[in-house]
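A.B. asks: How does the following fold in three dimensions:
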Amino acid sequence: MTPENGSISGRSYSATSEVMTSSDVSRVLSRIAHEIVERNRGCTELIVVGLQTGGVWIAEELCKRLYEISDFSCILASLDTSFYRDDHAIRPFVRSSSSDVLSSVDTKTVVLVDDVLFTGRTVRAALEAILDFGRPTAIQLAVMVDRGHRELPIRPDYVGKNLPTSRSEMVEVTRDGVRILKEVGNVS
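C.D. replies: So this is what the prediction gives:
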């Protein structure tokens, strides 16, 4: 949703505040890339997996920065978790995009990347999906924004910004920045 006001899932939202600028987003991506290199020194095969749709561009940027700062090569992949979600009754199935996990994840370190960590249900679905591709050595989680409200015991390894929000708010993450959107009512 790019306009100042918009609708998502029958609810109307209005932009209220920018919490990160494009330069903040860039700085956070560089910091997370440095943290990944530091934690995974000696790792021979790293797969960076962007969760569809918000995490894909972040994963692409992280791979670029990993290579720039240390010639740390990584395999870039994307993952659609739609088939693995446990909330189809309240969130209708909509296939967002295809998954592109290039090979087996056996004996590799996988870094799952998403834009916003909220309840943890998307990450739970991603964990299940990744295990269908094999048994990785480790799975790590990187998010641009952790907004709280966890429903599952999931904690990110790399966080751009902790941003407490109410359940009625949405968080929009783009290359241009991070904004909080407030719910203004239901759309009929």
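
A.B. asks: quick one, helices of the chain?
C.D. replies: Ranges of helices in the chain, per DSSP state H, are 22-39, 56-70, 121-131.

A.B. asks: Can you list the buried residues in the second one?
C.D. replies: Burial within helix 56-70, assessed by neighbour count using 16 or more other C-beta atoms under 10 Å, is assigned to Val56, Ile58, Ala59, Glu61, Leu62, Cys63, Arg65, Leu66. Bear in mind the C-beta positions are built from the backbone N, C-alpha and C, glycine included.

A.B. asks: Any chance of a markdown table for these, columns distance to Leu131 and pLDDT?
C.D. replies: Formatted as a markdown table, the buried residues of helix 56-70 follow (distance: C-beta to C-beta, whole Å; pLDDT from 0 to 100):
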| residue | distance to Leu131 | pLDDT |
| --- | --- | --- |
| Val56 | 20 | 96 |
| Ile58 | 22 | 98 |
| Ala59 | 19 | 98 |
| Glu61 | 26 | 97 |
| Leu62 | 22 | 97 |
| Cys63 | 22 | 95 |
| Arg65 | 27 | 95 |
| Leu66 | 24 | 93 |
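
A.B. asks: Closest one to Ala33 out of these, please.
C.D. replies: Arg65 (3.7 Å; C-beta to C-beta).

A.B. asks: what sits against the closest one?
C.D. replies: The contact partners of Arg65, by C-beta atoms under 8 Å, 6 or more residues apart in numbering, come to Leu29, Ser30, Ala33.

A.B. asks: List buried members of these by neighbour count.
C.D. replies: Taking 16+ other C-beta under 10 Å as the criterion, what is buried in those is Leu29, Ala33.

A.B. asks: low-confidence ranges in the chain?
C.D. replies: Along the chain, the model assigns pLDDT under 70 to residues 1-13, 15, 87-102, 185-188.

A.B. asks: go with 90
C.D. replies: Within the chain, the stretches with pLDDT under 90 are 1-17, 41-45, 53, 70-74, 81-104, 168, 182-188.

A.B. asks: can you pull the buried residues of stretch 76-84?
C.D. replies: Leu76, Ala77, Ser78, Leu79, Asp80, Thr81, Ser82, Tyr84.

A.B. asks: Is it correct that the fourth one is in contact with Gly50?
C.D. replies: Yes. Taking C-beta atoms under 8 Å as the definition, Leu79 is a contact partner of Gly50 at 7.3 Å.

A.B. asks: I'd like to check which residues are in contact with the residue nearest the centre of the chain.
C.D. replies: Central residue of the chain (C-alpha atoms, centre = their mean): Asp114, 0.3 Å from the mean position. Applying C-beta under 8 Å, 6+ apart to Asp114 gives the contacts Gly50, Leu51, Gly54, Gly55, Ile58, Thr122, Val123, Ala126, Leu141, Ala142, Val143, Met144.
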